[in-house]
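> just a sequence and a predicted model for now, questions to come.
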Amino acid sequence: MGLDQIDFNILKELQQDGRLSNHELAKRVGLSPSPCWRRVKKLEDDGIIDHYTAILDSEKAGFNLVAYAHVMLEKHQMEMLEQFNKAIGERAEVLEYYSMSGDYDFLLKVIAKNIKEYEEFQTKFLMSLPIVRSVSTSFVLKQNKHTTCLPLRFVE
């Protein structure tokens, strides 16, 4: 995409603190405010900066359980897959959702307030979907690292 070192520095700074003022960001990356603003705008327009958000502390917000649900499907017919994708996409407790290679078809990162809430999600929703053959769940015991920052490295 033709990014230079300054673009990478802007992205690194914004990954650490998306609330930086343009003035402070410009100072940190060695630009004046106007060219810095234009670069940020271009990074947004090009889709490199997807969006801005607040990252919440899940435990302080009352969500004490993180589960990874490994889902195996009964069939792989397009119509049923579309229904499955729609159903999963509408569930707020599913934070991430991936099609996988290997033993399982999908991996879901699910957040819940407690084990009872997760159990209801799995038994009353997930296992009630006709396309789901099985679900194997792993529970997070301790979060050792969490970041949303990409490991950006500028290479000339």
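Nice, I can see it.
> tell me the mean pLDDT over stretch 36-56?
Here stretch 36-56 scores 97 as its mean pLDDT.
> my bad, stretch 71-83
pLDDT averaged over stretch 71-83 gives 90.
> quick one: buried residues of that stretch?
71, 73, 80-81 (16 or more other C-beta atoms under 10 Å). Glycine gets a C-beta too; all of them are placed from N, C-alpha and C.
> and what of stretch 53-61?
Result for stretch 53-61 [16+ other C-beta under 10 Å]: buried residues Ser58.
> start and end of that stretch, how far apart?
One end of stretch 53-61 sits 16 Å from the other (C-alpha to C-alpha, to the nearest Å).
> quick one: least confident helix or strand in the protein?
helix 78-89 (a mean of 93; mean pLDDT, DSSP states H and E).
> return the distance of the host helix or strand of Leu43 from the chain's centre.
In this structure, Leu43 sits in helix 33-45 according to DSSP states H and E. Relative to the mean C-alpha coordinate of its chain, helix 33-45 is positioned 24 Å out (C-alpha atoms, centre = their mean, to the nearest Å).
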